[in-house]
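K.L.:
Okay, predicted coordinates and the sequence, questions at the end:
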Amino acid sequence: MQTESGKPFVLDADGVDPARVPKRKLYTGAEIPAVGLGTFGSDSVSGETIAEAVIGAARVGYRHFDCASVYGNEALIGGSLWELMAAGLPREELWITSKLWNDKHGEGDVIPSCEQSLKDLQLDYLDLYLVHWPFPNYHPPDCDVTARSPNAKPYIHEHFMKTWRRMEKLVDMGLVRHIGTSNMTIPKLKLVLRDARIKPACNEMELHPHFQQPELFQFVVDNGIVPIGYSPIGSPNRPQRDRMPDDTAPTEDPVIRRIAARLGVHPAVVCVKWAVQRGQVPIPFSTTRRNYLSNLKGVVTEPLTAEEMADIAGVDKNSRLIKGQVFLWKEGQSWEDLWDMNGEITPP
Ligand SMILES: NC(=O)c1ccc[n+]([C@@H]2O[C@H](COP(=O)([O-])OP(=O)(O)OC[C@H]3O[C@@H](n4cnc5c(N)ncnc54)[C@H](OP(=O)(O)O)[C@@H]3O)[C@@H](O)[C@H]2O)c1
């Protein structure tokens, strides 16, 4: 790791050599680090704190950062990336993801929105740009789950493909190396795979021991798409609007706790280890150095046993935490309608 001036980037003494962190190969041949740092502050952690964690995480060996314009902190994170690169961390060692927000699906909005993220992040290109949600619905930040946009729209494939054509254009323009989807379902992905000129390289989806989404996970893998797992620890600090009485917490699961006790780690670390071993790319959020360091160490140390992996496969509770209620487009619907539960796209 050298700068043009020859100054090497210095890892913290207790950090993890990034070369030891596993990688997943995308269909282009590029490799994404198998664990990344999430940067959504759940409306409670400041952008400054997160930007500081990005620096701290890079210094302990993280090279993959999951960003999004809607997190409202890309300009601060851009300052951190600049600082890291000035300290000798080469751009090509970093994997930076950003996402197109829902009010920017319009054909004239996609490219400017990506350009704004690049400007904020102080980068020439993104490694991955995702369509954050398949619904083009604006809702104000921090709004309650009962909030509905009067202009809310369902998934209309022809409209989504217009957005996707602009995403493909971003690859042609060299602004983005890969494009992908997030919060998709099998029937929606089938249509995108049928019609895309440049197919999604990754699909970001909620994945943790209590929400393993086995069918979607398998579909994605079978189609050469790398699954990126969000809320891998069960998002214990998620906003109030994303909480329901029936929600469960993977870090409180007796199986996860038993394995954590055996390894002498926090249950969160077991969730991250399991995710990487299963084959998804978890992006745990943390601004606490001890925690983000132990999550990274977890993926390069003693693996879970085959029996433990099987035990965790058995604790799935189909417990979706991020339900997306604000995207509902008409009265009388429930959040399940967003997720095409019967295998078909919910009709408009
Ligand atoms: N595509 C999408 O629609 C979407 C949706 C949701 C999230 N995401 C992405 O996924 C990322 C992660 O998801 P998330 O933020 O919802 O939740 P998460 O990663 O499941 O959980 C984060 C929480 O776990 C705590 N934590 C982390 N490591 C820990 C450890 N080793 N021991 C104890 N506590 C630990 C953190 O606290 P400390 O800070 O104190 O460590 C934080 O409160 C987001 O930041 C975002 O980048 C994407």
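P.N.:
Yep, that arrived. Numbers count the residues shown, from 1 in each chain.
K.L.:
For the rest of this, base every contact and every neighbour count on C-alpha atoms.
P.N.:
Will do.
K.L.:
How many residues are close by Glu344?
P.N.:
When neighbours are counted by other C-alpha atoms under 10 Å, Glu344 registers 12.
K.L.:
just checking, it is part of a helix?
P.N.:
No - assessed by DSSP: H, G, I helix; E, B strand; the rest coil, Glu344 does not belong to a helix; its assignment is coil.
K.L.:
Quick one: end-to-end distance for stretch 329-344.
P.N.:
Start-to-end span of stretch 329-344 (C-alpha to C-alpha, to the nearest Å) is 17 Å.
K.L.:
Could you give me the buried positions within that stretch?
P.N.:
329, 337-340 (16 or more other C-alpha atoms under 10 Å).
K.L.:
OK, contacts around Tyr155?
P.N.:
Neighbouring residues of Tyr155 by C-alpha atoms under 8 Å, 6 or more residues apart in numbering: 134-136, 345, 348.
K.L.:
what do you get if the cut-off is 6 Å, keeping everything else the same?
P.N.:
Neighbouring residues of Tyr155 by C-alpha atoms under 6 Å, 6 or more residues apart in numbering: Phe135.
K.L.:
Tell me the spacing between it and Gly332.
P.N.:
From Tyr155 over to Gly332 the distance is 17 Å, taken as C-alpha to C-alpha.
K.L.:
Serialize the buried residues of stretch 329-344 to a markdown table and add fields for secondary structure, pLDDT and distance to Gly78.
P.N.:
Shown next, in a markdown table, are these (DSSP: H, G, I helix; E, B strand; the rest coil; pLDDT from 0 to 100; distance: C-alpha to C-alpha, whole Å):
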| residue | secondary structure | pLDDT | distance to Gly78 |
| --- | --- | --- | --- |
| Trp329 | coil | 89 | 35 |
| Asp337 | helix | 95 | 37 |
| Leu338 | helix | 96 | 33 |
| Trp339 | helix | 97 | 33 |
| Asp340 | coil | 96 | 36 |
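K.L.:
Enumerate the residues of the stretch 51-200 of the chain near the ligand.
P.N.:
Counting by C-alpha under 6 Å from any ligand atom, the stretch 51-200 of the chain comes close to the ligand at 66-67, 132, 182.
K.L.:
Any buried residues in the longest helix seen in the chain, and which?
P.N.:
For the chain, the helix with the greatest residue count under DSSP state H is helix 157-172. Residues 160-161, 163-171 are the ones in helix 157-172 that count as buried (16+ other C-alpha under 10 Å).
K.L.:
Name the residues that touch it?
P.N.:
105, 107, 176-177.
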